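Asks: quick one, fold the following:
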Amino acid sequence: MFVNPSALYEMWSVVLVLVLQIFSIGTRGITSTTENSAGQQKVTFHPCDTNGQSVDVYGYPNPGNISIFYGIPFAQPPLGPLRFKPPQKPMSYPSVIDVPGYKRGCMQGPIFGHSNYSEDCLYLNVWRPDGYDETSKLPVLVWLYGGGYLLGSAQAFNFTQIMEAGIAQGTPFIAVNGNYRLGPFGFGYGKEYLEDGSSNSGLWDVVAVLDWVDENIASFGGDPDHVTLAGQSAGAVSASLMALVKTPPKVVGIIMNDGAPAALPLAPTTQGYPELYPLLLNLTNCSDASNTFECLRYIDADILNNASLAIRATANFTEAFPWTPNVDYDLLPDRPSTLLREGRFLKVPMLFGDNYDEGTSFVLTDTNSTEAVIAQVNYFEPVRPDNATMTRLLELYPNIPALGSPYGTGNDTFGLDPEYKRVASIVGDITFQHARRDMLEQMNANGYHETWTWLWDAFAIGFAGGYHGVPHTWDTAWWLGQVDPGYPETALDLEKQTLQYWLNFIINSDPNEGGSTNYTYWPRYRENGEQANMFKFVGNASMYEAQVIQDDYRKEQIAFINDHPLQFNA
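Replies: Reported below is the predicted structural model:
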């Protein structure tokens, strides 16, 4: 083998830790909002399907005159017979929910010793500005975290700064973030997962969060008819897939921060990663069970979780993201590429983009041969490209350092073999870049033009820079107002601008409407029917700028990928 898959897991863990370091810190009835003697906001809501039960939820003060209502269940705990199953609505709620912090995230691998995870994890949190109640009808942002469907939890992101900015300019909104299941608990390839209806339960968790918001957010002062769905990385993939599911959710706009429908390649449930399910059985001692799936359902959660981690560290099973959404022909009625080309998508405004060097976070720095490049490309594909496709792909991405990623760095190889820049370029395009461009092109080809996109090439400092370039996740700090205050003044000035674009979209479903009028106008992708417009954000210690450019970089290469959706699992 040319690549150690455990190193890939370690690299993806580093990406998530970067994110954590940047960002951590029912039937509608008569409702009320009060404050107790401890200064806690209290909301009473009446969840549907609970025979009129009243639930009092207490919020905890957060900086910025914001209260967070933690730990609200949106589904029954997925335990015992409910493991793997799509989420089931709670049959009842506790009469009082008074949780002082985040509930545990869903089962996953430990990151630097942190293992605050549980199979009982289907909870959400509501962030609300103080002073509002059930009559307020505030816009709502629902946020989905990233982590490659392997890592991550709701607590990874902090909305204080962007909410404070909204309050300051008179456009307050409510934010909701919840957990969804990961790894083999939430996703799975194989006929056993398909026959059980469980191959996309992590996506069904997202549907359940949105259903809960639709039924209950009015009690918190939110407007169920003005919900914007947003996500980062895998969360952006999930958000984009909500535009393609059989019954789309009720949202007025979608923000995709570093992700699009096939940014993590996906295949039909019974076709992708044929080695995965047998290996999972072998590592859990379920291979000889009369019903192997029931064996997996009832083994100890830690055994199943440890098996999933072991798979990603096994030299003969080297796929980087083995548990991802897949085409079950139920929740996802077809491949994203097919649905987009047939115009079968939710037609709401969409705002999405990528970083300049999306691939550098996901490839190995010791890549030093064409064989190693091929191996790493194959790791991302649940059904591997045929030889002719791979040959042409390598022709389109020659081993010329000046063409590789990090882009714009000429022949500098940062002390690494030139094949590193080659594979980083390929992987960035067969994942994030091609998926974003294809969704934009197909939406506009089908007559829907309320779309905006960006490319982030700014402030390659700190973790970024060097052989990372401007890597995956790097832009998110600017969008959410989480830029390190020690960064150059130009970085903080750019933060104000990007924050305003997102606020405008959350409030008005258009990045140009609302707030300051001094910022550069952001044209739609096909503003004039022909040009493929995008914003390119650039910046360094002496300047920053939002430039309008054409979305045509690596035109031939990305067109080849998008013209072969079956080969690249789109």
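Asks: shouldn't Leu82 be in contact with Gln88?
Replies: Yes: at 6.2 Å, Leu82 counts as touching Gln88 under the criterion of Cβ atoms under 8 Å. For every residue, glycine as well, the C-beta is placed using N, CA and C.
Asks: out of the two, which sits in the more crowded spot?
Replies: Between Leu82 and Gln88, Leu82 has the larger neighbour count (other Cβ atoms under 10 Å), namely 17 against 14.
Asks: against Glu119, how distant is that one?
Replies: Applying Cβ to Cβ, to the nearest Å, one obtains 10 Å for the distance of Leu82 from Glu119.
Asks: what touches both of Leu82 and Gln88?
Replies: Common neighbours of Leu82 and Gln88, using Cβ atoms under 8 Å, 6 or more residues apart in numbering, are Gln76.
Asks: does Lys559 sit in a helix or strand, and which one?
Replies: Heads up, residue 559 is Ala, not Lys. Of the helices and strands defined by DSSP states H and E, Ala559 is found in helix 555-562.
Asks: quick one: average confidence on that helix?
Replies: Confidence over helix 555-562, taken as the mean pLDDT, stands at 99.
Asks: what does that helix contact?
Replies: Counting by Cβ under 8 Å, 6+ apart, 337, 392-393, 396-397, 429-430, 433-434, 437-438, 441, 568, 570 sit against helix 555-562.
Asks: shaky segments in the stretch 101-250 of the chain?
Replies: For the stretch 101-250 of the chain, the stretches flagged by pLDDT under 70 are 111-115.
Asks: mind listing what's buried along the top strand by length along the chain?
Replies: Scanning the chain for the longest strand, with DSSP state E as the assignment, gives strand 222-232. Across strand 222-232, burial judged by 16 or more other Cβ atoms under 10 Å covers Gly222, Asp223, Pro224, His226, Val227, Thr228, Leu229, Ala230, Gly231, Gln232.
Asks: mind putting those residues into JSON lines with distance to Thr269?
Replies: What follows is the buried residues of strand 222-232, written out as JSON lines (distance: Cβ to Cβ, whole Å):
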{"residue": "Gly222", "distance to Thr269": "35"}
{"residue": "Asp223", "distance to Thr269": "36"}
{"residue": "Pro224", "distance to Thr269": "32"}
{"residue": "His226", "distance to Thr269": "34"}
{"residue": "Val227", "distance to Thr269": "29"}
{"residue": "Thr228", "distance to Thr269": "30"}
{"residue": "Leu229", "distance to Thr269": "24"}
{"residue": "Ala230", "distance to Thr269": "27"}
{"residue": "Gly231", "distance to Thr269": "22"}
{"residue": "Gln232", "distance to Thr269": "26"}
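Asks: among these, which one lies nearest to Thr284?
Replies: Ranking the buried residues of strand 222-232 by separation from Thr284, with Cβ to Cβ as the measure, puts Gly231 on top at 30.6 Å.
Asks: what ranges does the stretch 451-570 of the chain have for its strands?
Replies: Along the stretch 451-570 of the chain, the stretches classed as strands by DSSP state E, counting those that start in this stretch are 451-458, 533-540, 543-550.
Asks: from the buried residues of strand 222-232, pick the one nearest Ala239.
Replies: Distance from Ala239 was checked for each of the buried residues of strand 222-232 by Cβ to Cβ. The minimum falls on Gly231, at 4.0 Å.
Asks: what about the closest residue to the closest one other than its chain neighbours, how many neighbours?
Replies: Taking Cβ to Cβ, 6 or more residues apart in numbering as the measure, Gly231 lies nearest to Leu144, with 3.4 Å between them; neighbours along the chain are not counted. Here the neighbour count serves as a burial measure; for Leu144 (other Cβ under 10 Å) it reads 29.
Asks: phi, psi of Leu144?
Replies: phi -120, psi 130 (degrees, to the nearest 10).
Asks: picking up where we left off before, name every strand pairing with the longest strand of the chain and say which way it goes.
Replies: In the sheet containing strand 222-232, its partner strands are strand 138-144 (parallel), strand 253-257 (parallel), by DSSP bridges.
Asks: relative to Asp551, how far out is the one residue sitting closest to the centre of the chain?
Replies: In the chain, the centroid-proximal residue (Cα atoms, centre = their mean) is Gly235; its distance is 1.5 Å. Applying Cβ to Cβ, the value for Gly235 to Asp551 is 23 Å.
Asks: all helices of the stretch 451-570 of the chain, in order?
Replies: Secondary structure of the stretch 451-570 of the chain, counting by DSSP state H, counting those that start in this stretch: helices at 476-479, 489-508, 555-562.
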